[in-house]
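> Next input, structure requested:
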Amino acid sequence: MHRGHFSLAVRQKRPLFPFVIARVSWQGQRAGRLLPEQFVGDFRYPIDGRATFIRGLNPGDRLAVRLFDPQNNFLGYTEFVGLEEQAAVSVVLPDVPEAYGTLRTVVGEDANRDGQIDAGVPVFDFYTQVEPEGQRENTAVRFLRSADGLNRDFFNVSGLPAPAVQSEYPDELLTGLLSPVTRPVRPFRANLGTNLVAVPGRVTPVVVNPDGRSTFEVTREVLRYRRAG
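Numbers count the residues shown, from 1 in each chain. From the prediction side, this is the model:
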């Protein structure tokens, strides 16, 4: 019933923003191939806020998050994969501005849907890093195989495993032609839909409640923006 569903939190050891904008997108997987990336919405997250995403999702679907600060500066990008059970996903911002552009992503099954990764399950834990390349559409993001060269203490937040040196990826992200680990990802490339590459503000962000009770139906959100053009 909860296959492919997930809750998403934006965490920071020492909160430095009143809120961030998390742009969520979805690529369904059908017959072993990924469908085109679709805009789910811009969500105004309080730091340490969590929201749940349901409906239409399946294990193996690809989800992406683009993060922006209140002034619409790009803070980073990550991707993760839907699991067999509902997943708890945490995207961790560093707590020093000099490290912005690097994100830690932690994903694991959350069968009882309490927002915490269950004990004894595999945990996927990895870092992504922005490499600006002039024009915005050329911005590249690399999925790091290890945290060598990073100060892992910047990403060490309560309730998550201590940051490890070696990255742990699900197979879907690690292998194949669409593996982001083997090639840089360009989150603002010209062939994406307007909502995916626009500066936040084109679409009014949906506010995530601080109490963690916000729930969004992915297919409904996708259709809402598609109808609006």
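
> Next up, phi/psi of Leu34, please.
phi -90, psi 130 (degrees, to the nearest 10).

> SS state for the residue most central in space within the chain?
For the chain, Val65 is the residue whose C-alpha lies nearest the centre (CA atoms, centre = their mean; 3.4 Å). Following DSSP: H, G, I helix; E, B strand; the rest coil, we place Val65 in the strand state.

> State which helix of the chain is the longest.
Looking across the chain with DSSP state H, the single longest helix is helix 218-228.

> and that helix, what other elements does it pack with?
strand 38-45 (3 or more CB pairs under 8 Å, 6 or more residues apart in numbering; DSSP states H and E). The C-beta positions use only the backbone N, C-alpha and C, and glycine is treated the same way.

> Which strands and helices lie in contact with the helix or strand that comes right after the strand it packs on?
Going down the chain from strand 38-45, the next helix or strand is strand 50-54, by DSSP states H and E. The elements that strand 50-54 packs onto, with contact taken as 3+ CB pairs under 8 Å, 6+ apart, are strand 6-12, strand 38-45, strand 214-217.

> pLDDT averaged over stretch 216-229 - what is it?
Over the span of stretch 216-229, the pLDDT mean works out to 86.

> Now it: buried residues?
The neighbour-count check on stretch 216-229 (16 or more other CB atoms under 10 Å) flags 216-218, 221-222, 225 as buried.

> Check stretch 11-21 too.
11-13, 17, 19-21.

> Can you lay out these as JSON lines showing pLDDT?
Output for the buried residues of stretch 11-21, formatted as JSON lines (pLDDT from 0 to 100):
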{"residue": "Arg11", "pLDDT": "97"}
{"residue": "Gln12", "pLDDT": "97"}
{"residue": "Lys13", "pLDDT": "95"}
{"residue": "Phe17", "pLDDT": "94"}
{"residue": "Phe19", "pLDDT": "96"}
{"residue": "Val20", "pLDDT": "98"}
{"residue": "Ile21", "pLDDT": "98"}
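
> now for those, which pair is the farthest apart?
Using CB to CB, the buried residues of stretch 11-21 span at most 19.9 Å, a distance reached by Lys13 and Ile21.

> and Val106, what does it touch?
Residues in contact with Val106 (CB atoms under 8 Å, 6 or more residues apart in numbering) are 89-90, 92, 117, 123-125, 160-161.

> quick one: which of the residues you listed is nearest to Ala31?
Ala31 has its nearest neighbour among the contacts of Val106 in Phe124, at 24.2 Å by CB to CB.

> and that closest one, that one's in a strand?
Yes. Using three-state DSSP, the assignment for Phe124 is a strand.

> Distance of it relative to Val206?
26 Å (CB to CB, to the nearest Å).

> Likewise for Glu37?
Taken as CB to CB, the span from Glu37 to Val206 is 19 Å.

> which regions of the chain lie under the pLDDT threshold?
Counting by pLDDT under 70, the low-confidence segments of the chain come to 1, 228-229.

> residue boundaries of the helices in it?
Counting by DSSP H, the helices of the chain are 171-174, 194-197, 218-228.

> Dump those to JSON lines, plus distance to Pro132.
Converted to JSON lines, the helices of the chain look like this (distance: least, CB to CB, whole Å):
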{"stretch": "helix 171-174", "distance to Pro132": "23"}
{"stretch": "helix 194-197", "distance to Pro132": "15"}
{"stretch": "helix 218-228", "distance to Pro132": "28"}
